[in-house]
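Novice: need coordinates for the below:
(one chain, ligands or ions: 1)
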Amino acid sequence: FHRIVNQEGQKVPINYPNLCEETARKFCPKIKSFEVKDDDIFLVGIPKSGTTWAQEMIWLIKNDLDYEGAKEYLHIRFPTIEKSGIEVNLPRCYEPDSIEFCKNMRRPRAIKTHLSPEYLPEQLLNDEKEVKTVYIARNVKDVCLSTYYYFRDKLNLNLGSLEHYGKVMMRGTFPRENYWNHVLYLWNRRYEKNILFIKYEDMKSDLRAVIRKVSTFLGKSLTMKQEEELVKWLDFESFKKNDAVNQVHFYKKDGFVRKGKIGGYKEEMSPELILEFDKWSNECLKNSDYKYD
Ligand code: A3P
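Specialist: Reported below is the predicted structural model:
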């Protein structure tokens, strides 16, 4: 587990979203041995890959479009298993810790994690259980930009310049140990029946198609009208106004949701940084059939 190294080369004592060493020691064994249930759904993805957006979509499909129930905070309906010990102070936070909270949830449970594959519950990706896992991926440069602003503006961390932060990300120390290891682990298993791999960019370009994919995966069937309703509900503007997901009172200003764009990195990254990202990604992907865009 790494901590972020800032521009001056100092280790910044940050424990979000990476669990800090102490927290990791305390909670990771508990997460590894977490008992999953056949009717659970897990969502895995690197922070800022559109996980919140995907959570809301998955939760609503899994719960037969219970819009009334969706008025409850998303982090309560669809908790993040590794949130214990970190400095988030969301309303009605997890008691006694996020792992127990997940354990005690009413079934069927929906659980999110940003953890790297090696820290996931052991039962999650083995064949003994029927538990389903959705993985969401997003363009690495947009993830870089989105995490940069999130940590800088919402969590007030001094990350140095975007250029510096991009390099830190490519060194594989933040926000996860290595973006491509994380993505490829589930990509390589995408044909397994209990794994579904989706992309943020596909949700942006054809949300309805992704809704259909997820519905089929979860054994649900929506009418055209229901699909339309859900597309509207998940639309960026309505998402922004939805406090159960956007949490303006906690994140202040615009809330959690920021720009929701594809390719925002093009406006903000230098051509050199873009090139570096491309080279690094192509190197990491040289033995993979993942399409780098
Ligand atoms: P940006 O910072 O690029 O705007 P996560 O939930 O995994 O942390 O991802 C957050 C990113 O998803 C943010 O990206 C956020 O704006 C975007 N996002 C959240 N809801 C969205 C929606 N309804 N439509 C498009 N993008 C959305």
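Novice: give me every residue in this structure lying close to the ligand.
Specialist: Residues of the chain lying near the ligand by C-beta under 6 Å from any ligand atom: 47-53, 142, 146, 149, 234, 236, 239, 257-260, 264. Where C-beta positions appear, they are placed from N, C-alpha and C, glycine not excepted.
Novice: quick one: low-confidence ranges for the stretch 51-200 of the chain?
Specialist: Confidence mapping of the stretch 51-200 of the chain against pLDDT under 70 gives the ranges 84-92, 173-177.
Novice: hey, where'd the helices end up in it?
Specialist: 51-62, 74-77, 98-103, 140-149, 162-170, 179-187, 200-205 (DSSP state H, counting those that start in this stretch).
Novice: so can I have a markdown table of these showing distance to residue 275?
Specialist: Converted to a markdown table, the helices of the stretch 51-200 of the chain look like this (distance: least, C-beta to C-beta, whole Å):
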| stretch | distance to residue 275 |
| --- | --- |
| helix 51-62 | 28 |
| helix 74-77 | 37 |
| helix 98-103 | 39 |
| helix 140-149 | 11 |
| helix 162-170 | 11 |
| helix 179-187 | 17 |
| helix 200-205 | 21 |
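Novice: out of those, which is closest to residue 287?
Specialist: Residue 287 lies closest to helix 179-187 among those, at 9.3 Å (C-beta to C-beta).
Novice: those strands in the protein, which residues are they?
Specialist: 41-45, 110-113, 132-137, 195-199 (DSSP state E).
Novice: what mean pLDDT would you report for the longest helix anywhere in the chain?
Specialist: Ranked by residue count under DSSP state H, the longest helix found in the chain is helix 271-284. For helix 271-284, mean pLDDT is 96.
Novice: elements contacting that helix?
Specialist: The contact analysis (3 or more C-beta pairs under 8 Å, 6 or more residues apart in numbering; DSSP states H and E) places helix 271-284 against helix 140-149, helix 162-170, helix 179-187.
Novice: repeat that with 6 Å
Specialist: With contacts defined as 3 or more C-beta pairs under 6 Å, 6 or more residues apart in numbering; DSSP states H and E, helix 271-284 has these neighbours: helix 162-170.
Novice: for residue 273, what are its contacts?
Specialist: Applying C-beta atoms under 6 Å, 6 or more residues apart in numbering, one finds that residue 273 lies in contact with 163, 166.
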